[in-house]
Structure formats: structure tokens, C-alpha cells
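Asker: Below is the sequence, then the predicted model.
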Amino acid sequence: MLKEIEKYLQKFNITFVYVIAEKLVEYGDQDPERYYEEDFLACISNREKVLEIVRDPTMKFKGPGGHEMAATMIQKLWKGYRSSSNFKQLKFLMQKATIIQRRFRLYQLKAKTSQKLKDLRKE
């Protein structure tokens, strides 16, 4: 748990915190994949000072590797936006294709019906 807290705090370039040992032991039994931000902050006794830094958006990418994390975040958001707009456009085009298909089937049905009527009238 302590290593996960260190990794979390390195993102914000926080170098000094007071850790509550009892809380570390309490959370130590959990699976490391199930830790949340609140679990990390519950183990810190100077939580208010840490929260000031963590909640400040300008500090989010100040730690080591911050430029790479910021670039990754920008790329992730841009790709998400592009995917969303492409999906909306595809959905719009699919609706239009459905309308065209429906009209064409109606045209075919009308043509067949007209042909049957002509054949019946000839008989």
C-alpha cells in the first residue's frame, strides 16, 4: 500500500506527508487493484495540505514524467472526441441509409403491384 501511495503522490510532486500506520495495516489486506484515491488520502494525516495540492489542476502534471502524462491525457481526450464525433456521423449516415432502403423497397413493391395489376387487366 505504501508503494501505491508513493506512486500516487509522485504524480503531484508531493514530497513530504505524514502516514497513519494503522490505516496502512487496515488497507494492506486489500487487492492493490482496488485502491481508490480516497483510500490513499485516508492514510495521510496532513490530508488538508495534500488535498490542496491534489485538487489544484495546475499541479497535476508537475511530478516526474509529468510532460508525458499530460501528453497522454491530451491524446486520450482528443481520440475520445474524434471517436465520439465519428460515431455520431456514422449513426446519422446509418439513419439516412435506412430511409433510402425503405423508400427503395416501397418503390419495388409499388412496381410489382403495378405490374400485377397490368397483367390482371390484360387477362
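Answerer: Happy to help now that I have it.
Asker: Stretch 37-50 - what's its average pLDDT?
Answerer: Averaging pLDDT along stretch 37-50 yields 78.
Asker: Let's see the distance spanning that stretch from one end to the other.
Answerer: 12 Å (C-alpha to C-alpha, to the nearest Å).
Asker: Contacts for it, please.
Answerer: Stretch 37-50 has contacts (C-beta atoms under 8 Å, 6 or more residues apart in numbering) with 1, 4-5, 8-9, 14, 17-20, 23-24, 27, 30, 51, 54. Where you see a C-beta, it was placed from the backbone N, CA and C, and this is true even at glycine.
Asker: I'd assumed Met73 was in contact with His67.
Answerer: No: using C-beta atoms under 8 Å, His67 is not in contact with Met73, being 10.8 Å away.
Asker: Could you tell me which residues touch both of these two?
Answerer: Common contact partners of His67 and Met73 (C-beta under 8 Å, 6+ apart): Phe61.
Asker: chain center to the helix or strand containing Ala70, what's the gap?
Answerer: For Ala70, the host element (DSSP states H and E) is helix 66-122. Here the centre of helix 66-122 is set off from its chain's centre by 25 Å, with C-alpha atoms, centre = their mean, to the nearest Å.
Asker: Show me what that helix is packed against.
Answerer: For helix 66-122, there is no helix or strand it packs on, judged by 3 or more C-beta pairs under 8 Å, 6 or more residues apart in numbering; DSSP states H and E.
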